[in-house]
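A.B. asks: The following block contains a protein sequence and its predicted model.
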Amino acid sequence: MHDQMPTAMPLLSRGKHRNPSKGACFMELASFLAGERWSDHPACTHPLLAGLARLVNDHTSDAARPLLAPLIPSVIGLAGADPRIDARIALRCATSALPVVSHERQLALAVSVLSAEHVLATLDGRPQGSVSEESARTLAKVPDAARWAYRFRRGVRVSAKGFRRYAAPNTVQLAVRGLSEACVADPDALLRTLLTDAIADCAELIRHQPPVDPELWEDACRITRR
């Protein structure tokens, strides 16, 4: 764990980088701050949350990407084996993207909402078929997609293990790509809000202490953006 910020930080950029002199993505800087080997797949962050961060980093415009930097310390320490983490991340991605993506993607994401809710209901001991208030509100915004998803989901069984391995990563990718291509005024803001909300969801399930002084990191980010 690093107690001091580097005197000169690489700017956030797309893709994977061999070392800091070549640039850095969101998770590579997280690996540095966590005191790990330079990597975009550090052990300090849950794999699906790290995958979401990499996708948001790569699909955010060059102009808006520096605004992601203040979020980097908050993903450090968010790791664990609780299967609800994957379901919550996938659900956050699906509900965030569902109202604004193309119709074809809405159909798939509506199914993802119901599948994630099914997994969470099983893990939390809720009645099957129940959905959270937030999911219900989101599905109500896309009634055609919601009706199709309910019909599609009838009789389909989803295991927590299968959802975690296949459906959750696919949902994250579909949501981020859909948001980045959505016909909205500021897709970068939507991507940043998605990542912020997903981090908060994970923090509810994983208790941790920030390994980096938030004020120190904020100062470093301001210097980098000048």
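C.D. replies: Looks like it came in fine.
A.B. asks: list the contacts for D86?
C.D. replies: Counting by Cβ atoms under 8 Å, 6 or more residues apart in numbering, D86 touches H46, L48, F163, R164, A168. Just so you know, the C-beta spots here come from the backbone N, C-alpha and C atoms, and that holds for glycine as well.
A.B. asks: Buried subset of those, written for ChimeraX?
C.D. replies: Selecting only the buried entries of these in ChimeraX, with 16 or more other Cβ atoms under 10 Å as the criterion:
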select :46,48,163,164,168
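A.B. asks: Out of the contacts of D86, list just those in helices.
C.D. replies: Residues of those located in helices (DSSP state H): L48, A168.
A.B. asks: which phi and psi does L55 have?
C.D. replies: Main-chain dihedrals, L55, degrees, to the nearest 10: phi -70, psi -40.
A.B. asks: Look up how far Q128 lies from it.
C.D. replies: According to Cβ to Cβ, to the nearest Å, L55 and Q128 sit 31 Å apart.
A.B. asks: So the residue nearest the centre of the chain versus R151, what's the distance?
C.D. replies: Centroid check for the chain by Cα atoms, centre = their mean gives L52 as the closest residue, at 3.8 Å. Distance, L52 to R151, by Cβ to Cβ: 29 Å.
A.B. asks: Quick check, pLDDT for the residue nearest to S115 when sequence neighbours are not counted.
C.D. replies: Spatial nearest neighbour of S115, chain neighbours left out: V158 (4.9 Å); criterion: Cβ to Cβ, 6 or more residues apart in numbering. You'll see V158 listed with a pLDDT of 85.
A.B. asks: for the one 5 residues further on, same thing?
C.D. replies: Note on F163: pLDDT of 95.
A.B. asks: Let's verify the spatially closest residue to it that is not a sequence neighbour: helix, strand, or coil?
C.D. replies: Spatial nearest neighbour of F163, chain neighbours left out: V119 (4.9 Å); criterion: Cβ to Cβ, 6+ apart. Put simply, V119 is helix when judged by DSSP: H, G, I helix; E, B strand; the rest coil.
A.B. asks: do the one 3 residues further on as well
C.D. replies: Three-state call for T122 (three-state DSSP): helix.
A.B. asks: surely it meets F163?
C.D. replies: No - between T122 and F163 there is no contact under Cβ atoms under 8 Å: 9.8 Å.
A.B. asks: V172 is in contact with L52, correct?
C.D. replies: Yes - L52 lies in contact with V172 (Cβ under 8 Å); the separation is 5.2 Å.
A.B. asks: which neighbours do those two share?
C.D. replies: What both L52 and V172 touch, as defined by Cβ under 8 Å, 6+ apart, is the set I89, C93.
A.B. asks: dump the residue contacts of the residue nearest to the centre of the chain.
C.D. replies: L52 touches I89, C93, V172, V176, L194, L195, A198, counting by Cβ under 8 Å, 6+ apart.
A.B. asks: What is the neighbour count of H118?
C.D. replies: By other Cβ atoms under 10 Å, 23 other residues sit near H118.
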